[in-house]
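Engineer: pasting the structure only:
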C-alpha cells in the first residue's frame, strides 16, 4: 500500500518536460517534491501565478505572495503574476497540461465529488469546479477506501458532484486506474496489494486485463 | 457658417473637467486643440492609450506610439497603455464619458451612417461600430449638406448604418442639434445663418421652439 | 478631476445600508484593510458582499460579520471562520457560493461591458440549477451574468492621483477585476504618487476605472498560512 | 522545455497552405516583420489572415498580398492598400470586415476558453446579418464566436526563453490578445532575455500562451502617418 508521499511520487512520474501543472491542496501539493530529474515543469496556482517556487525560508515569508492554499510561497525565475480572470482563462483554454486534485468520490464515468458533504458546513468549491470543467488532463490523488472501509471508486457519486466525465486517471494507495468508457481500468497495483483487495475496494465497474504490473515507487 | 475648426471649438465647450474622451478621425481630432482653460480631460485612443498627448516634435516620432488614426503621438504624465480588448472593454462598459465622431448621415432617430458607400471600395468600420453601440454620450461633428447640396440630417439614413439610436447631439457648420424623440431639436444657430437656411438644410424632422440663441465661437 | 480622498472614512462616505459591494483580495492577501475598518466604524448594515473569501474571525470581512453588517455573502470559499458558520447555520446570513473562475469572469464581464459570459464550470452540478445551459461544439456551458455592484473596493500597492493602479505579486488576484466592475470604484494604496511616476506600460488598472483613491495606513497584511522551508 | 528558435524560418517551419493565421499589430505598428518576410519567402498559399489591418502595398501583410498568398482577409479596416483593392474588386481576395472591438474580444475569448461573447457592436447593421441577437436588460447584443486559428504570430518588445512577453507602448494593441488565441503561438521579439530578467509583476503575456519565440532582426518599424508639432 502506498503512503501519501508515494501516491504523489507515482503521479510525479506522469510529468513531462515543459508541462504547466496545477496542483490542488493535500496529496497533490506533495507532487512538487518528486519532480523527476531532467524534467522541467512550471507550477500554476489559480490565485494568479505561474512559476511557483518552494516555501520561503523562515523570516522571508511575504504576505503578498501566497498560493491558492493561502500558503506563503516564492517565485522562481521566469515566474509571472496575473489576475484571477486570466488565471482561470488559461485553465479554461486548456493551456494547463495537467491538473492534480484530491477527491471524496470518483465515478466509473469520470465524475468527481470533492466539495460538499450534506449535513456538514459547506465551505465552497473554490476553483475546483472551474478546474474539473476545463482541464484536459486531470489525475485524482485519493485514498481508495474511506474510514468506514467503503470504496470511493463508485458506479455513481453519492455526494454532490463537482464535475461530470472529467477524470482520466486515479492514483490511490492501492493502484493506478485509467477511467475509460469501460470503467476503472486497473493499470498498476501497489507493492504488497492483492488483486482481491483491489476488487473489494472498488465499488464501480473494474476492468482487469492481462498481467497487471506492480507500481515502481 | 462655421469652419471645421469652429465646429471643433463648439464641441470642445461640451467638455467637463475629468472627462475621458474619445475623438474620431477628422474634425473630431481638432477638438483637442480647443479644450477650455481649467478643464482637464483625458484622451482615449482605441488602439490602446489613455492620456494621449500632442504630436511629437519633429525627430522625436516613435513608431511604437501612434493613435487610432495611425498618427505619431506622445504620452502625457499619467497615461496608460493597454490592449485592444481592454480598450473596447472600457468603451463598452460606458467608462468613456464622451465620444466625438464624424458622419456621412445622421437620422432623426439618432442612427448614424459613416462607414460604407455602396459602389465604392469598402475600407471597413474600424472601431466605429463598437463606439456607436457602446458610448453613452456621442456627439457627431459633420457638414450638414453634401457637395450636391443635399442634407445629411435625414428622416432615415440612406447609406448602410453604423449604429442605431445612438447619436445625442450633432454640431454642423449651421447649428447645434439635440436628437430627441421629436427629431432634430435646433439648440443654437451659427453666426450669419438664417433659420430658413437651417430648414432648407435639414431633411429630417426639425424642431425649432422659442428663440434660438446664436452660437458663441 | 480630483479623485484623491484623505482617508477611508471620506472615500466611503456615501456607502449606505443594503448596498452591494465588491471587495478585492484572496484569503487575507491583498484585502482593502483600511476600507473594511471604515465600514465597521461606519456601521452600515444589510450589505451584500462579493469577495472570493470571507476573511477570518478577527480579520478581513470577518470583522464585518462580527458586527452583523453582512446580509449576504457571495464567495467561492468561506472556510476558516467560526462566526460565519454560526450565522449561516442560524439563518442570519445568506450565502451564495460560486466557482472561483466564474466569480472572476463575472467581474471582468462587468468591466468590459459584456452582459454575460459562458463558462463550463458547474455544468451538471448544483451550481447549474436554474441556469441556462448551452452547447458549443461538443461541450456544455453555463450562462453567467456580469455583476452589478454599487461599489468596488480594492487594494493596490501603488496608485497615482489619476487612479492608475499597480499591484504587488499575488495580492493582485481579484483586485484589478473588481476595480473594473463597480459602479463606483474606490482604491486604497500603500503608496500614492504623482501622474507619470508609474510607467504607462506597466499599469494594471487604468485610472478610468477608478473613481476615488486614498493612501491607506497601518497595513497589517496578516499571513493566513505561514509555510516555510528549513534553512539548509 | 525549449521554446527558442533561431529565426523566423525555423519558428514558422510547419505553417502550410490554407491555414488560418492571426497576426498582431495595428496599422504598421507592432507587426511581426520577420515572420511576414519568412511567410513570403516560404511561399505558402491560400492563407486566411486575421489582423486588424492589411498593411500597405510594400509593407506588412501587403507584402503577402503582392505574392497572392492570402485567400481571405479578416480585418476591421483595410484602407491604404491599392493591391488589396485590386484583388478585392477582381474577386481574387475574400474579405470579412468586423468591428475592431469584436475582433479584439473574439481573440480574448479564445485565450480565455470562452466559446462566444456578447457585444452590442453591429446590432442593426450588415454585421448582424445571420447572427444571433439577444436582449440583456434594455439593450441588444450580438453573439460572436471565439476565433479558432492554427497559428498566432505576434511581435513583442522583450521576451524571455520561457515565452513571457512585454510590449512597448501602442505596439501592444492586438498582440497580447492574439498571443492567447492561436493553437500554436509564435512570438518574435526585439530582445530575447533569460528567465528572471523580466519582472514577474509586469509581464503582459504569460509564457504558457507562447509556444515558440525567436529574436527578430532588422526591424524597420515603418511610420504610416508621421505627424509632428513644430518646435516652439
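Structural biologist: It's in. These numbers come from a predicted model, not from an experiment. Residues are numbered from 1 along each chain as shown, chains lettered A, B, ... in the order given.

Engineer: So residue 16: helix, strand or coil?
Structural biologist: Let's take chain A. Assigned by DSSP: H, G, I helix; E, B strand; the rest coil, the conformation of residue A:16 is coil.

Engineer: wait, chain C
Structural biologist: coil.

Engineer: what's the closest non-adjacent residue to it?
Structural biologist: Nearest residue to residue C:16, sequence neighbours excluded (C-beta to C-beta, 6 or more residues apart in numbering or on different chains): residue C:44, at 6.1 Å. (C-beta placed from N, C-alpha, C; glycine too.)

Engineer: residue contacts, the one you found?
Structural biologist: Applying C-beta atoms under 8 Å, 6 or more residues apart in numbering or on different chains to residue C:44 gives the contacts C:15-17, C:19, C:69.

Engineer: of all the residues you listed, which two lie farthest apart?
Structural biologist: Using C-beta to C-beta, the two most remote members of the contacts of residue C:44 are C:16 and C:69, lying 11.8 Å apart.

Engineer: Show me the contact partners of the helix or strand bottoming out on mean pLDDT in chain A.
Structural biologist: When each helix and strand of chain A is scored by mean pLDDT, DSSP states H and E, helix A:27-30 comes last, with a mean of 94. Outside of helix A:27-30, the residues within contact range by C-beta under 8 Å, 6+ apart are A:4-5, A:7-8, A:11, A:23, A:69, A:100-102, A:141-142.

Engineer: and the contacts of residue C:44 as TSV, adding neighbour count and pLDDT?
Structural biologist: Below are the contacts of residue C:44 laid out as TSV (neighbours: other C-beta atoms under 10 Å in any protein chain shown; pLDDT from 0 to 100):
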residue	neighbour count	pLDDT
C:15	19	98
C:16	12	98
C:17	11	98
C:19	16	98
C:69	19	98
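
Engineer: Which single one of those is nearest to chain A?
Structural biologist: residue C:69 (20.6 Å; C-beta to the nearest C-beta).

Engineer: In three-state terms, label residue C:170 for me.
Structural biologist: Going by three-state DSSP: residue C:170 is helix.

Engineer: That one contacts residue C:26, correct?
Structural biologist: Yes - using C-beta atoms under 8 Å, residue C:170 is in contact with residue C:26, at 7.0 Å.

Engineer: any chance you could map the helices in chain C?
Structural biologist: Ranges of helices in chain C, per DSSP state H, are C:8-11, C:33-42, C:62-66, C:82-89, C:100-111, C:175-181.

Engineer: Which stretch among those is buried most, on average?
Structural biologist: Among the helices of chain C, the stretch with the highest mean neighbour count (mean count of other C-beta atoms under 10 Å in any protein chain shown) is helix C:175-181, at a mean of 31.

Engineer: Touching it from outside, list them.
Structural biologist: With contacts defined as C-beta under 8 Å, 6+ apart, helix C:175-181 is touched by A:83-85, B:89-90, B:93, C:22-25, C:30, C:50, C:104, C:106-108, C:110-112, C:146-147, C:149, C:152-156, C:165, C:167, C:185, C:187, C:204-205, C:209-210.

Engineer: Going through those, which ones are buried?
Structural biologist: Buried members of those, counted by 16 or more other C-beta atoms under 10 Å in any protein chain shown: A:83-85, B:89-90, B:93, C:22-25, C:30, C:50, C:104, C:106-108, C:110-112, C:146-147, C:149, C:152-156, C:165, C:167, C:185, C:187, C:204-205, C:209-210.

Engineer: Give me the subset of those residues that also touch chain D.
Structural biologist: When contact is defined as C-beta under 8 Å from any C-beta of the partner chain, the buried ones among the contacts of helix C:175-181 meet chain D at A:85, B:89, C:112, C:167.

Engineer: Leaving out the residues flanking it, which one is nearest to the second one?
Structural biologist: Pointing back at residue B:89 there. In this structure, residue B:89 finds its nearest non-sequential neighbour in residue C:112, 3.3 Å apart by C-beta to C-beta, 6+ apart.

Engineer: Might you report the residue contacts of that neighbour?
Structural biologist: Applying C-beta under 8 Å, 6+ apart, one finds that residue C:112 lies in contact with B:85-86, B:88-90, B:92-93, C:180, D:105.

Engineer: With distance to residue C:54 added, can I get those in a markdown table?
Structural biologist: Listed next are the contacts of residue C:112 as a markdown table, based on distance: C-beta to C-beta, whole Å:
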| residue | distance to residue C:54 |
| --- | --- |
| B:85 | 31 |
| B:86 | 30 |
| B:88 | 34 |
| B:89 | 29 |
| B:90 | 30 |
| B:92 | 31 |
| B:93 | 27 |
| C:180 | 22 |
| D:105 | 33 |
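
Engineer: Farthest pair within those residues?
Structural biologist: Going by C-beta to C-beta, the pair spanning the contacts of residue C:112 furthest: C:180 and D:105, at 14.4 Å.

Engineer: any idea which element residue A:187 lies in?
Structural biologist: Here residue A:187 is covered by strand A:183-189, with elements defined by DSSP states H and E.

Engineer: for the record, mean pLDDT for that strand?
Structural biologist: When pLDDT is averaged over strand A:183-189, the result is 98.

Engineer: Show me the contact partners of the helix or strand following it.
Structural biologist: For strand A:183-189, the following helix or strand on the C-terminal side (DSSP H and E) is helix A:195-200. Helix A:195-200 is contacted by residues A:151, A:174-175, A:186, A:189, A:206, A:208, A:212 when judged by C-beta under 8 Å, 6+ apart.

Engineer: mind listing what's buried in helix A:195-200?
Structural biologist: Across helix A:195-200, burial judged by 16+ other C-beta under 10 Å covers A:197-198.

Engineer: starting at the chain centroid, how far to that helix?
Structural biologist: 23 Å (C-alpha atoms, centre = their mean, to the nearest Å).

Engineer: so how far is the helix-or-strand element of chain C with minimal mean pLDDT from its chain's centroid?
Structural biologist: In chain C, no helix or strand scores lower on mean pLDDT, DSSP H and E than helix C:82-89, which sits at a mean of 89. With C-alpha atoms, centre = their mean as the basis, helix C:82-89 stands 21 Å off its chain's centre.

Engineer: go on, stretch C:137-150?
Structural biologist: How far stretch C:137-150 lies from its chain's middle: 19 Å, per C-alpha atoms, centre = their mean.

Engineer: Now look at it and say if it contacts chain B.
Structural biologist: No - Stretch C:137-150 does not reach chain B (C-beta under 8 Å from any C-beta); its nearest approach is 9.2 Å.

Engineer: Contacts for that stretch, please.
Structural biologist: C:15, C:19-22, C:50, C:102, C:105-107, C:109-110, C:114-124, C:127-128, C:131-135, C:181-184, D:115, D:136.

Engineer: Quick one: end-to-end length of that stretch, please.
Structural biologist: End-to-end span of stretch C:137-150 (C-alpha to C-alpha, to the nearest Å): 37 Å.

Engineer: next one: stretch C:64-71
Structural biologist: 10 Å.

Engineer: That stretch close to chain A?
Structural biologist: No - using C-beta under 8 Å from any C-beta, stretch C:64-71 never reaches chain A; the gap is at least 14.3 Å.
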